[in-house]
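[1] With the input below, show me the fold.
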Amino acid sequence: MNVKVIATNLCSHRPNLEHELQDLEIDYELVIAEEHPEVIEKYGIRHSPNLVVDDEVIFRGQPSEHELREFFAGRQH
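    This is a model prediction of the structure:
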């Protein structure tokens, strides 16, 4: 499973999303949107943060802890 957090440099929600993923023991890659304009175009990024799993945007904006747990329940790390 390939998990990416795509966020702006100043996104105030990013640390919380990263913390939640760490609590769930989900390995992820952080992609700073300003440093990767091709990613913004590829995924149609307009808000921050975004959670991309296996090349599909799963959440745009900050998901709740419950939404994250439900999505990742039973998935391989």
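[2] all contacts plus neighbour counts: C-alpha atoms, from now on.
    Fine.
[3] Check the gap between residue 31 and residue 66 for me.
    23 Å (C-alpha to C-alpha, to the nearest Å).
[4] Of those two, give the one with the bigger neighbour count.
    residue 31 (17 against 8; other C-alpha atoms under 10 Å).
[5] For that one, give me its contacts.
    By C-alpha atoms under 8 Å, 6 or more residues apart in numbering, the contact set of residue 31 is 4-7.
[6] Please indicate which of these has the highest neighbour count?
    Top of these by neighbour count (other C-alpha under 10 Å): residue 6, with 27 neighbours.
[7] looking at it, it is touching residue 50, isn't it?
    Yes - using C-alpha atoms under 8 Å, residue 6 is in contact with residue 50, at 5.0 Å.
[8] For stretch 47-59, which residues meet the burial criterion?
    48-52, 57, 59 (16 or more other C-alpha atoms under 10 Å).
[9] Let's see which of those end up in strands.
    50-52, 57, 59 (DSSP state E).
[10] which residues are in contact with the biggest helix by length in the chain?
    Across the chain, the longest stretch assigned as helix under DSSP state H is helix 14-23. When contacts are defined by C-alpha under 8 Å, 6+ apart, helix 14-23 is touched by residues 5, 7, 27-28, 48-49, 62-63, 65, 68.
[11] again, only this time at 10 Å
    3, 5-8, 24-30, 48-51, 61-65, 68-69, 72 (C-alpha atoms under 10 Å, 6 or more residues apart in numbering).
[12] Please spell out the PyMOL selection for the buried subset of these.
    Selection of buried members from the contacts of helix 14-23 for PyMOL, criterion 16+ other C-alpha under 10 Å:
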select buried, resi 3+5+6+7+8+26+28+48+49+50+51+61+62+63+68
